[in-house]
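Undergrad: Structure for this input, please:
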Amino acid sequence: MRDRKKNKLLSGDFWKRILYTACFFFFCVIEQREKSLSWEKDWRAIFQNLTGIPLALLIFSHYGLKDIRKWKRPFLGWTVVWILGMPFLLLWGRNHWPFFNVWIVITLNIVLYGYIILFTVIRVFLEKRLPKLNGRYLTLWIVMMAWMIFSRSTLQWPLYYFIMFLCFYLTDYSQKERDQMYLGMLDGIILGFFVIQGLSFVFRPFDSARYRGMFGNSNWNSLFYLEVLAAVLARIIRAAKDGARKWLKAYYWIGAGTVLSFELLTIGRTGWLTAIVMIGIFLKFLGRTRAAGKWFQSLLLLSVCVLLTFPLCFAAARYLPPVFHHPIWYEGEWSEEKVHSWDPWDSEKYVDIDEYFDAALGRVIKSFRLLREHSPFSLNADAAAPLDETPGEAAEEAEPLPPNKIPVLVRPEQSTDDFLVRSTIYKYYFKHLNLFGHPTEEQGFQLTPYYWIGHAHNIFLQYGTDFGVPVMIPFAVLVFGGAISLWKRSEKSYGSAEAGYCLYLLIPVVFGMFEYSWGVGSLSITMLFMAFGKVICADE
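TA: Now for the predicted structure:
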């Protein structure tokens, strides 16, 4: 028995699994830093560009020294090139790049992906070794990315993501490697939750009705919990498929209840809606495993787990930070109304359970009230001023403002109508769609005299705005067609991986229908591209 455990620890598969877990944990770290740091001293941009490092390690894990020895001349040549060229790259970056620290990270990516491109070209064109690919989805993905790159958008991430993920998709992982990477992905994200939430218990007091955790915004915190929830639900499906021990199944079920409890604390209606969709998909996939019970029993079990864990999660978020009392603030958060280190543990600044429920029920009631008011039977045609007209006193100004600087909603009650706000944003961005997109400086408009809208609050509209309408179509096909493809493949193989990737495929889309979920470096977008890989790489 001891020899068997020793051999397992010394095996390459064991260390690859550790590497996979570490890489996805690092994706979680990037997510937290990217959605909490400011642009000062370019730290946020640094972490965005660090996305390529863990992905490079995932690709490198497939190759070994024998591959380098076999083709040592091109690898030696690239090594000489980057060693000689590094001083010139750094000198150029020092003089021309706005953030030199970011350029250092970009230079590191150039070095790493130089080797990866060599590996990929040799494997695909010289050794003729390719994974089994779905040609239609791969072609569609390439067309979408190419249009992004050559659009009018000034965003640079499509080029980086195209190079990184194309090499990743063309890497001929074995089925065992893919399975180990999938499990490492789930474990790494769950580990990320433990670490990030643990830090929140130390540094982030619960002094806002909508719980922010370790993020600068409650919606970003909500989105992170959804990513963790997908990992836990996928783990439950895998445990049911493999016939895991009861204690392990119980651990994952309680974990799902815990993550859902934290999701409830964010009072994010978009997050709640996305979680409901995810649970529905989860129950459907779980019902296909031979060891699973009926869907109603699973739903009841999940509900019981939430009821048991919610009081503990609220108590931990509310009472653990005062024990350590080292609160931190992110950019723009500092206020006398926030908890400070000198405030007592029972300060009125903390959110109590009654305040939380009042805020949560208030948002729910408001949603139903607005839904009733904006139903087809009671919709007012004159809800907002026309987008290109000058409302109020703006028309009388001597120097007319640009159309996007003129407030669209001028009555105070309009700014509190969520449905009106969203429909106004969507109308504006839909009206300004074109074939080749818009640079960032051409986007946005003044919604109210005090509220500037900088993004479309819809992932499809935003991609269309950034890169043009032709990007929206392949993107929609990849998302919804990919989800259908994964669903059909799961029917044949009862594969838990299809279920997990399907959850990750739909999270940024469902959430992104109403909120921001498409930032470069975001865990949600990284996982979206990982899910595209599962769609593009056909069954082995």
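Undergrad: quick one: the strands in this structure?
TA: Assigned strands in the chain, in chain order: 445-448, 451-453 (criterion: DSSP state E).
Undergrad: quick one: strands adjacent to the longest one?
TA: Meaning strand 445-448. If you go by DSSP bridges, strand 445-448 pairs up with strand 451-453 (antiparallel).
Undergrad: What mean pLDDT does the strand it pairs with get?
TA: Looking at strand 451-453 alone, the average pLDDT works out to 87.
Undergrad: Relative to the whole chain's centre, how far out is that strand?
TA: Centre-to-centre, strand 451-453 and its host chain are 23 Å apart (CA atoms, centre = their mean, to the nearest Å).
Undergrad: In that strand, which residues are buried?
TA: Buried residues in strand 451-453, counted by 16 or more other CB atoms under 10 Å: residue 453. From N, CA and C alone the C-beta is placed, and that goes for glycine too.
Undergrad: which residues are contacting it?
TA: Residues outside strand 451-453 that contact it (CB atoms under 8 Å, 6 or more residues apart in numbering) are 415, 425, 428, 444, 445, 446, 447.
Undergrad: Check those residues and tell me the two furthest apart.
TA: Within the contacts of strand 451-453, two members stand farthest from each other by CB to CB: 415 and 444, at 16.6 Å.
Undergrad: chain center to stretch 510-517: distance?
TA: So, by CA atoms, centre = their mean, the centroid of stretch 510-517 is 10 Å from its chain's centroid.
Undergrad: Endpoints of it, how far apart?
TA: 10 Å (CA to CA, to the nearest Å).
Undergrad: Need the contact partners of it.
TA: Under CB under 8 Å, 6+ apart, the answer for stretch 510-517 is 219, 222-223, 226, 268, 270-271, 273-274, 277-278, 422, 455, 457-460, 462, 507-508, 518, 524-525.
Undergrad: Give the buried residues for that stretch.
TA: 510, 511, 512, 513, 514, 515, 516, 517.
Undergrad: Widest-spaced pair of these?
TA: Taking every pair in these and measuring CB to CB, the maximum separation is 13.5 Å, between 510 and 516.
Undergrad: thinking again about what came up before, relative to residue 29, which of the contacts of strand 451-453 is nearest.
TA: Proximity of the contacts of strand 451-453 to residue 29 (CB to CB) peaks at residue 444, which lies at 30.1 Å.
Undergrad: The closest one - how many residues pack around it?
TA: Counted with other CB atoms under 10 Å, the neighbours of residue 444 add up to 18.
Undergrad: How about the contacts made by it?
TA: Neighbours of residue 444 in contact, by CB under 8 Å, 6+ apart: 404, 452, 453, 454, 455.
Undergrad: follow-up on the earlier one: give me the subset of the contacts of stretch 510-517 lying in helices.
TA: 219, 222-223, 226, 270-271, 273-274, 277-278, 422, 459-460, 462, 507-508, 524-525 (DSSP state H).
Undergrad: Can you tell me, leaving aside adjacent residues, what's nearest to residue 52?
TA: residue 109 (4.4 Å; CB to CB, 6 or more residues apart in numbering).
Undergrad: Kindly provide the distance from the one you found to residue 74.
TA: Using CB to CB, to the nearest Å, we find residue 109 at a distance of 19 Å from residue 74.
Undergrad: now do residue 155
TA: Counting by CB to CB, the gap from residue 155 to residue 74 is 32 Å.
Undergrad: who's in contact with stretch 85-96?
TA: 100, 103, 104, 106, 107, 110, 111.
Undergrad: How many residues are close by the closest residue to the fourth one other than its chain neighbours?
TA: Same thing as residue 106. Counting by CB to CB, 6+ apart, residue 49 is the residue found nearest to residue 106 once chain neighbours are left out, at 5.8 Å. Residue 49 has 25 neighbouring residues, counting by other CB under 10 Å.
Undergrad: Next, the contact list for residue 49, please.
TA: By CB under 8 Å, 6+ apart, the residues touching residue 49 are 102, 105, 106, 109, 160, 521.
Undergrad: if we can go back for a sec, and the contacts of stretch 510-517, which are buried?
TA: 219, 222-223, 226, 268, 270-271, 274, 277-278, 455, 457-460, 462, 507-508, 518, 524-525.
Undergrad: how is this protein carved up into domains?
TA: As assigned by automatic domain parsing, the chain contains the domains 144-157+392-540, 189-329+347-376.
Undergrad: starting at the chain centroid, how far to the last one?
TA: Remark: domain 189-329+347-376 is offset 16 Å from the chain centroid, using CA atoms, centre = their mean.
Undergrad: Find me the pLDDT at the closest residue to residue 186 other than its chain neighbours, would you?
TA: Of all residues not flanking residue 186 in the chain, residue 231 sits nearest, at 4.4 Å (CB to CB, 6+ apart). Confidence at residue 231, expressed as pLDDT, is 97.
Undergrad: How many residues are close by residue 231?
TA: Look at residue 231: counted by other CB under 10 Å, it has 26 neighbours.
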